[in-house]
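>>> how would this look folded up:
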Amino acid sequence: MIYGWFRNTIATGGVVLSVLAGSAVQSETLTDAFILAYKNSNLLEQQRALLRAADENVVQASAGLLPVVNFIANAQFNSPAVTSTGVRLDNWTNTLSLSADLTLYDNGVTRFATDAAKETVLGLRGGLLQVEQQVLQNTVQAYMEMIRAAQFVSLRQNNVRLITQELRAARDRFEVGEVTRTDVSIAEARLAAARGNLAAAQGDLEIARETYKAVVGQYPGNLRWPTTPPMVVRTEDAAKAKAVRIHPSIEEAQRNVNAAEANVLRAKASMGVRVTSNATIVIDENVESSFNGNIRAVVPIYQGGTLRSLMRQAAARRDASRSGLLQSVVTVKQGVGSAWARLSVASAQTEASRRQVSASQIAYNGVREEAKFGSRTTLDVLDAEQELLDARANLISAEVSQYVAVYSLFSSMGLLTSEHLSLGIVTYDPIEYYKFANSRDPIRALSLRGSALDRVLRKIGKK
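Below you'll find the predicted structure:
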């Protein structure tokens with residue numbers, strides 16, 4: 001059923017949109033809307049900034065085994081002293097010092113903390129893809145709702161035109177005594193209702209335009225009916241299997257498990273020995289210098305149960321992340337199944353609506369011809385026209401729902417991304433910023449990391 005629709009063209013949509021195509025405004029495709037939404041999305045910008053903030057956690061975690069150097073200027077005042085000769089001295093002591101601290105060994109705490117930070121970053125990349133999917137899904141919804149609203153306005157305008165003609169014909173026939181005043185009143189009532197429905201449709205169109213602007217970043221132009229999107233799977237089971245392999249929410253959950261495992265190891269390592277060193281050069285106000293150095297080893301023995309509690313807490317969070325991974329798989333499979341079902345329903349509704357339009361058109365043409373010979377009343381003609389109008393509206397809604405359902409299926413599988421849609425634009429690359437934060441070389445970290453990250457920020461326009 002689904003693939004029968006993919007082999008057909010949406011003829012009705014093209015016919016209705018031809019009313020809008022007379023404008024000199026350049027046609028705007030769904031791909032154009034995707035590109036604009038991708039470039040203008042505040043949600044994506046927010047998530048990218050959060051990802052860059054998480055990248056910095058890697059830098060901070062890996063700094064645990066790097067030297068810490070401080071310059072210290074100290075001026076100390078003590079109580080004044082009086083010499084044996086009665087001379088009062090102000091007891092000021094001024095010193096300049098350079099201090100360097102280095103952790104020589106921390107039982108793996110820094111390594112595990114860095115691993116956890118890296119896994120968190122990789123997980124947040126999956127979160128960024130999920131936000132990207134949300135933005136693109138909202139774009140599909142806004143685009144198709146705009147088309148639906150525009151086509152409904154066109155239908156309502158055509159309905160007002162036809163009922164106006166029917167009212168004119170009813171009045172002419174009333175003048176010659178072929179119909180009663182009742183027929184004229186019925187036509188007048190239908191025309192008033194049609195005008196009210198047209199006003200409502202025009203209001204819905206304005207609402208759709210505002211929604212489109214909020215999602216895409218600008219008001220719509222002359223929207224074209226989208227082309228049929230390609231399908232990458234043919235069965236529901238294949239869709240579920242692919243989603244489990246590539247969906248970003250599952251990737252994020254897997255990374256969270258890895259980060260939690262690293263945090264468990266980090267908590268265990270914090271109970272081991274820690275060796276630190278310090279070297280300090282002090283110069284006093286008489287330009288006399290002194291040097292102090294030490295190496296210190298610390299083994300925690302008792303800290304009120306804090307370390308054991310941290311271990312249990314890390315283990316509990318690891319167990320929670322494992323359960324979260326299992327639940328993510330269940331949720332993704334459920335989403336794919338639901339999206340597949342919605343697409344099947346929408347496909348069936350589209351086919352049924354096409355048949356309804358065809359039958360209603362034949363019925364309407366027949367009733368109009370019969371009315372010319374007096375065998376049908378004005379009410380019969382108006383009822384047949386209303387049924388045809390409803391059938392066309394149902395077809396438009398079914399086709400719109402079908403397109404939205406296709407992209408919802410893509411989203412549920414993790415495929416609604418700029419890469420899969422081949423938008424042909426330069427996309428945000430989170431690796432470029434992260435790769436500088438991933439260095440384990442202390443010399444390179446000290447000399448290049450800060451300036452390199454600044455250059456990356458300037459390149460992506462964030463500084």
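
>>> Quick one: the strands in the stretch 151-300 of the chain, in order.
222-223, 274-284, 289-298 (DSSP state E, counting those that start in this stretch).

>>> Tell me the helices and strands packed up against the longest one.
Here strand 274-284 touches strand 92-105, strand 289-298, going by 3 or more Cβ pairs under 8 Å, 6 or more residues apart in numbering; DSSP states H and E. Placement of C-beta: from N, CA and C, glycine included.

>>> if I look at residue 167, how far off is residue 393?
22 Å (Cβ to Cβ, to the nearest Å).

>>> In the record's domain split, what are the boundaries for this protein?
2-77+91-421, 429-463 (automatic domain parsing).

>>> CSV for these, including mean neighbour count and mean pLDDT?
Putting those into CSV (neighbours: other Cβ atoms under 10 Å; pLDDT from 0 to 100) gives the following:
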stretch, mean neighbour count, mean pLDDT
domain 2-77+91-421, 17, 87
domain 429-463, 14, 54
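
>>> Stretch 93-109: how far from the chain's middle?
45 Å (Cα atoms, centre = their mean, to the nearest Å).

>>> Next: stretch 111-118.
27 Å.

>>> can I get the CA coordinates of that stretch in PDB?
Taking Å, rounded to 0.1, in the frame of the first residue of the first chain, the C-alpha atoms of stretch 111-118 are listed here in PDB:
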ATOM      1  CA  ARG A 111      42.500   9.700  32.700                       C
ATOM      2  CA  PHE A 112      39.100   8.300  33.700                       C
ATOM      3  CA  ALA A 113      37.700  11.800  34.100                       C
ATOM      4  CA  THR A 114      38.900  12.700  30.600                       C
ATOM      5  CA  ASP A 115      37.400   9.500  29.200                       C
ATOM      6  CA  ALA A 116      34.100  10.400  30.800                       C
ATOM      7  CA  ALA A 117      34.200  13.900  29.400                       C
ATOM      8  CA  LYS A 118      35.000  12.600  25.900                       C
END
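
>>> Quick check, central residue of this protein?
residue 131 (2.1 Å; Cα atoms, centre = their mean).

>>> those helices in the stretch 301-450 of the chain, which residues are they?
Using DSSP state H, counting those that start in this stretch, the helices assigned to the stretch 301-450 of the chain run over residues 306-372, 378-413, 418-421, 430-437, 442-444, 450-459.

>>> so what secondary structure elements neighbour the fourth one?
Counting contacts by 3+ Cβ pairs under 8 Å, 6+ apart, helix 430-437 is packed against helix 42-62, helix 109-175, helix 450-459.

>>> the inter-axis angle of that helix versus helix 109-175?
Here helix 430-437 points in a direction 160 degrees away from that of helix 109-175 (axes from the mean of the first three to the mean of the last three Cα atoms, to 10 degrees).

>>> What distance do you get for residue 338 to residue 381?
Applying Cβ to Cβ to residue 338 and residue 381 gives a distance of 43 Å.

>>> Now distance to residue 309 too, for the strands of the stretch 151-300 of the chain, in CSV please.
Output for the strands of the stretch 151-300 of the chain, formatted as CSV (distance: least, Cβ to Cβ, whole Å):
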stretch, distance to residue 309
strand 222-223, 59
strand 274-284, 19
strand 289-298, 19
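
>>> so which of these comes closest to residue 314?
Closest to residue 314 of the strands of the stretch 151-300 of the chain, according to Cβ to Cβ: strand 274-284, at 18.2 Å.
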